[in-house]
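Colleague: Build the 3D model from these lines:
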Amino acid sequence: MKELSQDFDVLAERADDCGTLWAGRMLRRVASTSKEPPREWPGTMDEARRLVETFAGRVGFNQREKLAEIVQYTAEWTWADSLDTWRAKRQGTRNLWW
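Modeller: You can find the predicted model right below:
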């Protein structure tokens, strides 16, 4: 049982990384179109579930749902944090930091 818990911990770390990368990529994509990025995170739980399938397809449904929640939460948090940084830098200079 302890082994399963450790395996989930590894997957949870991966989910956290996945959410961070997802938000960063989405912000770069939106910002490159010269549109103002939305204040709210535009990603959905369905998208988060599909991302989880790429690295945790063999775990049970409940664990995949928990991992999708981690991906979504981390993406939302990263989006808000990165958006604040993006707006501050954009006000100070027209060169985006990515």
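
Colleague: which residues of the chain fall in helices?
Modeller: For the chain, the helices defined by DSSP state H cover 2-32, 45-56, 61-92.

Colleague: Out of these, which gets nearest to residue 39?
Modeller: Nearest of the helices of the chain to residue 39, taken as C-beta to C-beta: helix 61-92 at 7.1 Å. From N, CA and C alone the C-beta is placed, and that goes for glycine too.

Colleague: re earlier: will you turn the helices of the chain into TSV that also has distance to residue 39, mean neighbour count and mean pLDDT?
Modeller: Formatted as TSV, these follow (distance: least, C-beta to C-beta, whole Å; neighbours: other C-beta atoms under 10 Å; pLDDT from 0 to 100):
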stretch	distance to residue 39	mean neighbour count	mean pLDDT
helix 2-32	12	15	88
helix 45-56	18	16	96
helix 61-92	7	17	90
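
Colleague: Can you lay out those helices as JSON lines showing distance to residue 38?
Modeller: Conversion of those to JSON lines gives the following (distance: least, C-beta to C-beta, whole Å):
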{"stretch": "helix 2-32", "distance to residue 38": "8"}
{"stretch": "helix 45-56", "distance to residue 38": "15"}
{"stretch": "helix 61-92", "distance to residue 38": "9"}
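
Colleague: which ones are touching residue 30?
Modeller: 37, 38, 42 (C-beta atoms under 8 Å, 6 or more residues apart in numbering).

Colleague: so the first one makes contact with residue 86?
Modeller: Yep, that's residue 37 we're talking about. Yes: between residue 37 and residue 86 a contact is recorded at 7.1 Å, counting by C-beta atoms under 8 Å.

Colleague: Noted, bye for now.
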